[in-house]
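Peer 1: here is my input, please return the structure:
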Amino acid sequence: MSRQIRLLADQGIPLEKNRLPSAISLTRYDSAGGIPKTVDQYDALFVRTVSPVDKTTIPAHPVHLRFIGSATAGVDHVDREWLDENGIGFSYAPGCNGRAVGEYAGTAAVIWSLLTDNILSGLTAGIVGAGSTGTAVAKQFARLGISCKMHDPPREEREAGFKSVPVDDILECDLLSFHTPLIKNGARPTYHWLNGQKLDNRRFRLIINAARGGIINEQALLQARQKGSVENFILDVWENEPLFNDTVAENAFLTTPHIAGYSLQAKQRASEMVTASLCSFFDLPSPRENVTAEAGEPVRPTAAGLQPDLLRTLTGLNPIGEYDREFKSMIGMAPEEKSRTFQKIRTGYPLRHEHSRYRLDPAVVLKYPVLKSLGFHSE
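Peer 2: Okay, here's the model as predicted:
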């Protein structure tokens with residue numbers, strides 16, 4: 001193909017012009033202002049979860065736009081039926097952030113154990129959603145001594161070798177962790193999967209939602225927390241996000257603004273996956289050789305050395321605690337200010353590195369061996 005392919009891409013997606021095929025002409029846009037009205041002047045569009053894609057955000061009956069790539073693991077922000085009706089190709093990046101979410105869940109669980117004197121080893125976790133992300137979380141929990149049960153009926157239907165644990169067995173676990181898409185209709189909806197009925201007469205030590213807001217009925221969760229049947233919960237995603245419920249946030253053990261999968265390496269993987277799909281769609285040469293998410297120089301932290309305790313060492317390496325403090329500062333804000341601040345915190349912080357990229361002083365890992373379980377490496 002000799003003509004230029006005009007690509008309009010969210011500036012938050014890591015793309016380098018010199019590593020794209022020469023036939024691709026790249027233009028950036030700021031997602032804070034929504035998808036530009038001029039989008040149909042381009043052949044392809046790259047978005048993130050902050051940009052809904054449907055008939056309200058894309059001009060009716062686009063003529064030139066032929067391909068949309070979402071540099072994300074989820075697709076609930078995209079109206080795929082509308083894309084099909086308009087003959088627009090689509091691709092996304094399933095599994096790109098599995099490792100990052102696994103590290104988030106594992107780190108959050110360790111912080112919870114340190115602050116509540118709970119011992120992780122010997123607990124059982126019910127993992128709802130056993131795709132790439134749920135599997136990564138289960139592997140991380142296993143390294144912390146937590147045994148896992150996986151619940152994913154659609155995967156059982158697809159894969160003969162996978163057995164989904166029944167719901168009743170999942171609800172007997174000490175911990176629940178959610179890693180399923182938000183599905184409101186159809187044979188297997190996940191909207192309000194965890195509701196009052198499932199919470200009644202149960203007892204959970206910890207519940208984590210790092211999937212999508214709405215999978216948990218937050219009012220039912222709040223009532224269970226107030227009754228004492230749920231000891232603690234950690235939320236990275238929220239119903240009516242970014243206009244989260246203040247009372248729910250006040251009662252959460254940890255709060256973060258939908259950043260569980262936000263690592264530099266996850267973003268790089270997603271970018272490379274959708275770029276490869278773009279090239280295939282337009283019959284272009286493969287993307288030029290890039291520094292993959294697994295390569296590059298290791299990270300040697302200077303501020304997170306041998307701290308007086310594990311909690312300060314861990315939170316110096318992984319910014320969950322900082323996100324929690326910033327998030328809780330939004331409680332009580334007016335809706336417009338809360339929405340603006342939520343997005344600012346979510347997208348304005350530097351992307352964290354995944355734990356495997358770190359090289360720590362051996363004395364740190366020797367003193368706090370759980371860091372090795374969380375994926376950190378020593379020199």
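Peer 1: how many neighbours does residue 182 have?
Peer 2: 17 (other C-beta atoms under 10 Å). For the C-beta atoms, the positions are set from N, CA and C on the backbone; glycine is no exception.
Peer 1: helices of the stretch 201-350 of the chain, start to end?
Peer 2: 218-227, 246-251, 264-281, 310-317, 320-328, 335-348 (DSSP state H, counting those that start in this stretch).
Peer 1: winner for burial among these?
Peer 2: Comparing those by mean neighbour count (mean count of other C-beta atoms under 10 Å), helix 264-281 ranks first with a mean of 22.
Peer 1: on that earlier part again, of all the helices of the stretch 201-350 of the chain, which one is nearest residue 71?
Peer 2: Each of the helices of the stretch 201-350 of the chain was scored for nearness to residue 71 using C-beta to C-beta, and the closest is helix 264-281 (3.9 Å).
Peer 1: so which of the helices of the stretch 201-350 of the chain gets nearest residue 135?
Peer 2: Nearest to residue 135, of these and by C-beta to C-beta, is helix 264-281 at 15.2 Å.
Peer 1: pull the CA atoms of the closest one into PDB?
Peer 2: Extracted C-alpha coordinates of helix 264-281, given in PDB (Å, rounded to 0.1, in the frame of the first residue of the first chain):
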ATOM      1  CA  LEU A 264       4.700   1.400  32.100                       C
ATOM      2  CA  GLN A 265       5.300  -2.200  30.900                       C
ATOM      3  CA  ALA A 266       1.600  -2.900  30.500                       C
ATOM      4  CA  LYS A 267       1.200   0.300  28.500                       C
ATOM      5  CA  GLN A 268       4.100  -0.700  26.300                       C
ATOM      6  CA  ARG A 269       2.600  -4.200  25.700                       C
ATOM      7  CA  ALA A 270      -0.800  -2.700  24.800                       C
ATOM      8  CA  SER A 271       0.700  -0.300  22.400                       C
ATOM      9  CA  GLU A 272       2.700  -3.000  20.600                       C
ATOM     10  CA  MET A 273      -0.300  -5.300  20.400                       C
ATOM     11  CA  VAL A 274      -2.700  -2.800  18.800                       C
ATOM     12  CA  THR A 275       0.000  -1.400  16.500                       C
ATOM     13  CA  ALA A 276       0.700  -4.900  15.200                       C
ATOM     14  CA  SER A 277      -3.100  -5.400  14.600                       C
ATOM     15  CA  LEU A 278      -3.200  -2.000  12.800                       C
ATOM     16  CA  CYS A 279      -0.400  -3.100  10.500                       C
ATOM     17  CA  SER A 280      -2.100  -6.400   9.800                       C
ATOM     18  CA  PHE A 281      -5.400  -4.700   9.100                       C
END
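Peer 1: what are the contacting residues of it?
Peer 2: 5, 7, 12-15, 20-21, 24, 44, 46, 66-67, 69-73, 89, 91-93, 96-97, 99-100, 284-287, 290-294, 351-354, 357 (C-beta atoms under 8 Å, 6 or more residues apart in numbering).
Peer 1: which strand residues bridge residue 25?
Peer 2: Beta-bridge partners for residue 25, by DSSP bridges, are residue 6.
Peer 1: measure it to residue 52 for me?
Peer 2: Per C-beta to C-beta, to the nearest Å, residue 25 is found 25 Å from residue 52.
Peer 1: tell me which residues of the strand or helix carrying residue 115 come out buried.
Peer 2: Counting by DSSP states H and E, the element that carries residue 115 is helix 98-116. Buried residues in helix 98-116, counted by 16 or more other C-beta atoms under 10 Å: 98-114.
Peer 1: then stretch 62-70?
Peer 2: Quick answer for stretch 62-70 (16+ other C-beta under 10 Å): 62, 65-70.
Peer 1: list the contacts of it.
Peer 2: Under C-beta under 8 Å, 6+ apart, the answer for stretch 62-70 is 6, 39-49, 53, 58, 77-78, 83, 86-93, 274-275, 277-278, 281-282.
Peer 1: that'll do, ta.
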